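[1] Here is my input, please return the structure:
(chains A and B)
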Amino acid sequence: MTDMTNTPATRSTPTLVMGPVLFNWAPERLSDFYARIADEADVDRVHVGEVVCSKREPFFADRLPEAIERLTRAGKTVVVDALALPTLKRERQSVAALAGLDGVEIEINDMTPLALLPAGRRFAVSPLVNVYDEGTLGWFAARGAWSVALPYELPTASIERLAAEGARLGIETQLHVFGRVPLAISGRCYHARVHGLAKDSCQFVCNQDPDGLEVDTLDGEGFLAVNGVQTLSDACTAAGDEIATLLGFGVGAFRLSPQSCDMVAVAAIYRALLAGSFDGAEARARLGAVGLALPLGVPMMSGSWPATAGAASPR
Amino acid sequence: MNAPLTKIRPELVCPAGTPAALRTAVEAGADAIYCGFRDETNARNFPGLNFDQRELEEGIRFAHQRGAKVLVAINTFPQAGRTPLWHEAVAKAEGAGADAVILADLGLVAHTTEKHPTLRRHLSVQAAAANPDAIRFWVETFGIRRVVLPRVLSVPEIAAINAEVACETEVFVFGGLCVMAEGRCSLSSHATGKSPNMTGVCSPPSHVVYAQDGDELVAKLGAYTIDRTPKGEAAPYPTLCKGRFSAGGTIGHVFEDPVSLDAVQLIPALVEAGVTAFKIEGRQRSRAYTQAVVAAFRKAVDDHMAGRPIAADMTRRLAEGQTTTAGAYKKTWR
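    As a prediction, the model looks like this:
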């Protein structure tokens, strides 16, 4: 069951990753997004596929091969994501179909694909999978994981240890550095609930909110955002000087989670941060000009996240 | 599907936050008790709760003498660099004579499978195995004997799972209700830095502040207002996902009302669905509460197995004034 063809974690340049689009963007918008990322964005790897809600899957299914082809032609490594919480038969079939694909990298978002992947098939592990300790990381590496994106809530000390362990095992460790932070997933659709609808007759109201729907406290402070069955932070994480720390730990890949702003510009800012051309203050100043309508926050790793995040800013 | 003779007699799995609660639950009719060590290895790591090794040994002796099992929950996710604490917890549970350990972390399950192969392994709800494929992975890879199902599934989905999987299933029937897939929720981390996965707590009392603001009582968790209650009304505990917020121009319980789970009337359907064990939440609750809830569910299960109806008001007074729901077991909840 062990695949010894893991990608070496020691690289001269860190990898910049465009994560999967978590929100319900119209098919045309998604096609345009991938086309622009293919042609213009300085990223090494691009994730495609629906993570949050299987009801959205059919809308982009016929456009997906073209998006993959275009990204591949542009020299990007393409990774197809599996659903995060498959429970229905068609959701299991969707994951099974993905697990059976040859010639593409896949990322697991729960343990379902591991029952379906052929022995020896390599895979990436998303931040939605619980990898908190060396035992779990080691098990995944032995089972064929070549990249493990660490969970959002990990404290700095854990990131440091797991990055070192990843290097020892010869696999990449990855961290989310930009975008609203996914905090929870449920069987219940909150978008539908807020609109007085049920999940089964949701009318796809989540398509009205390309960055998610804000959930404010009764004091009018930004707190959370809902995206169908998913709950995210209100603030958009924008790591700055933390990047240097993470590079020092040996974190090999840095994930940008798409929001409805100029993600090509965001990628350029993070490429410069990774190269050491910008410091955190410079990056933050430039992120003010990418058309992002969300407050900026810092990664949860700091342990003082709520206090320093833009999440506490009044709207 | 009318086969009453082959009906499984479900096991009633009851909480014990203290040795006294363990004895109370056994005497009230629990078939099995679940409990944890007094540290962050279990998901109810509250001050004044839980067991040290000697208390666990004594509790297990007491339960075994009366025909009840003891399941030890070691169901948080180990902190990197500190995994020995979790490994020791498994060894201590086995040494104390536990009937099973309830685990969530993949690395810890792998360790237990290798180092304690004869110790029965249950998969915690915190591992969120929510479909037959995921369950098959855990059973085939690690010999998991029972899976505690996440509270995101409807009764027909549970029946479909049981028709496909080669292990027992356990479901929650009473008590606190998570609306998110368990083990996959960092909401408490977001507001307080403390989480079920890492520290075994959710919306912890240490981070709760009540403050008067004019005619309203403000309940805060960390820096965030979770609810505001007019003077004179009972203020609910600010559990993050049961709070009132503003979204899409309306104010309300965006995630869930302040309700708790009561599936007592679903016992027949869940037995029919092939569920092996019914779990009562509440290791943090009082002995009196434990006694009353366990006794009520003992009677409900026994009544059903004897072909008697389950009384409509069986659990009404147990919810202590709280509204109850059947949660995701009814598909309309979604």
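[2] ok, for the residue most central in space within chain B, nearest residue in space, not its chain neighbours?
    Nearest to the mean C-alpha position of chain B, by C-alpha atoms, centre = their mean, lies residue B:281 at 4.4 Å. Nearest in space to residue B:281, with sequence neighbours left out and distances taken as C-beta to C-beta, 6 or more residues apart in numbering or on different chains, is residue B:175 at 2.8 Å. Every residue, glycine included, has its C-beta placed from N, CA and C.
[3] mind listing what the one you found touches?
    For residue B:175, the set of contacting residues under the criterion of C-beta atoms under 8 Å, 6 or more residues apart in numbering or on different chains consists of B:15, B:260-261, B:280-282, B:285, B:293.
[4] Look up phi and psi at it.
    Backbone torsions for residue B:175, taken as degrees, to the nearest 10, come to phi 110, psi -150.
[5] What segments of the stretch 101-250 of chain B are strands?
    According to DSSP state E, counting those that start in this stretch, the stretch 101-250 of chain B carries its strands in the segments B:121-123, B:146-148, B:168-175, B:180-185, B:208-213, B:216-221, B:224-230, B:245-247, B:250-252.
[6] just to revisit the earlier point, go ahead and confirm the residue nearest to the centre of chain B touches residue B:263.
    No. The pair residue B:281 and residue B:263 does not pass the contact test of C-beta atoms under 8 Å, sitting 11.1 Å apart.
[7] Which strand or helix spans the residue in the stretch 51-200 of chain A that chain B sits nearest to?
    For the stretch 51-200 of chain A, the residue closest to chain B is residue A:135, as judged by C-beta to the nearest C-beta, at 2.3 Å. Following DSSP states H and E, the helix or strand that holds residue A:135 is helix A:134-143.
[8] Check which helices and strands that helix sits against.
    strand A:145-149, helix A:156-169, helix B:106-115 (3 or more C-beta pairs under 8 Å, 6 or more residues apart in numbering or on different chains; DSSP states H and E).
[9] Kindly state the pLDDT recorded for residue 309?
    Picking chain A for this. Each residue has a pLDDT score; the one for residue A:309 is 39.
[10] please go with chain B instead
    Listed pLDDT for residue B:309 reads 94.
[11] Excluding covalently adjacent residues, which one is nearest to it?
    Nearest non-adjacent residue to residue B:309, counting by C-beta to C-beta, 6+ apart: residue B:303, 6.9 Å away.
[12] Only C-alpha atoms, please: export the top helix by length along chain B in CSV.
    The longest helix of chain B (DSSP state H) is helix B:287-305. Only the C-alpha atoms of helix B:287-305 are listed here, as CSV (Å, rounded to 0.1, in the frame of the first residue of the first chain):
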residue,chain,number,x,y,z
ARG,B,287,-25.7,13.0,38.7
ALA,B,288,-29.4,13.7,39.1
TYR,B,289,-29.7,14.5,35.4
THR,B,290,-27.7,11.4,34.5
GLN,B,291,-30.0,9.3,36.7
ALA,B,292,-33.2,10.7,35.2
VAL,B,293,-32.1,10.5,31.6
VAL,B,294,-30.6,7.0,31.8
ALA,B,295,-33.7,5.7,33.6
ALA,B,296,-36.0,7.3,31.0
PHE,B,297,-34.1,5.8,28.1
ARG,B,298,-33.8,2.4,29.8
LYS,B,299,-37.6,2.3,30.0
ALA,B,300,-38.1,3.6,26.5
VAL,B,301,-35.7,0.9,25.0
ASP,B,302,-37.2,-1.8,27.2
ASP,B,303,-40.8,-0.8,26.3
HIS,B,304,-40.0,-0.8,22.6
MET,B,305,-38.2,-4.2,22.7
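[13] Run the chain-centre distance for it.
    Remark: helix B:287-305 is offset 16 Å from the chain centroid, using C-alpha atoms, centre = their mean, to the nearest Å.
[14] Stretch B:312-327 too?
    Centroid separation between stretch B:312-327 and its chain, computed with C-alpha atoms, centre = their mean, is 17 Å.
[15] Which of the strands of the stretch 101-250 of chain B sits closest to residue A:60?
    Relative to residue A:60, the nearest member of the strands of the stretch 101-250 of chain B by C-beta to C-beta is strand B:180-185, separated by 24.2 Å.
[16] Name the strands paired with that closest one and say parallel or antiparallel.
    Within its sheet, strand B:180-185 is paired with strand A:172-186 (antiparallel), according to DSSP bridges.
[17] right, and the helix or strand after the strand it pairs with?
    Going down the chain from strand A:172-186, the next helix or strand is helix A:190-194, by DSSP H and E.
[18] Remind me what that next one packs against, helices and strands.
    For helix A:190-194, where contacts count as 3+ C-beta pairs under 8 Å, 6+ apart, the packed elements are strand A:213-216, strand A:222-227.
[19] returning to that earlier point: need the residues touching each of residue B:281 and residue B:263.
    Taking C-beta under 8 Å, 6+ apart as the contact criterion, the residues that touch both residue B:281 and residue B:263 are B:172, B:174.
[20] residues in contact with residue A:46?
    Contacts of residue A:46 were listed using C-beta under 8 Å, 6+ apart, and they are A:17-18, A:34, A:37-38, A:71, A:76-79.
[21] Okay, and which of the residues you listed map to helices?
    Cross-referencing those with the helices (criterion: DSSP H) gives A:34, A:37-38, A:71 as the overlap.
[22] between these, which is nearest residue B:209?
    Proximity of the ones in helices among the contacts of residue A:46 to residue B:209 was ranked by C-beta to C-beta; the top entry is residue A:37 with 44.4 Å.
[23] count of neighbours near the closest one?
    The tally of other residues near residue A:37 (other C-beta atoms under 10 Å in any protein chain shown) stands at 23.
[24] Touching, it and residue A:45? I think so.
    No. At 10.6 Å, residue A:37 does not count as touching residue A:45 under the criterion of C-beta under 8 Å.
[25] contacting residues for the residue located most distally from the centre of chain B?
    Using C-alpha atoms, centre = their mean, the residue of chain B lying farthest from its centre is residue B:214. It sits 37.9 Å away. When contacts are counted by C-beta under 8 Å, 6+ apart, residue B:214 is found next to no other residue.
[26] Tell me which stretches of chain A form strands.
    When assigned using DSSP state E, the strands of chain A occupy the ranges A:15-18, A:45-48, A:77-81, A:105-108, A:123-125, A:145-149, A:172-186, A:213-216, A:222-227, A:230-238, A:253-256, A:296-297.
[27] Now do the last one: which elements does it pack against?
    In this structure, strand A:296-297 makes packing contacts with strand A:230-238, judged by 3+ C-beta pairs under 8 Å, 6+ apart.
[28] The strand it packs on pairs with which strands, parallel or anti?
    Within its sheet, strand A:230-238 is paired with strand A:172-186 (antiparallel), strand A:222-227 (antiparallel), strand A:296-297 (parallel), according to DSSP bridges.
[29] does the residue nearest to residue B:309 really touch residue B:296, like I thought?
    No. No contact is recorded between residue B:303 and residue B:296 when judged using C-beta under 8 Å, the distance being 10.5 Å.
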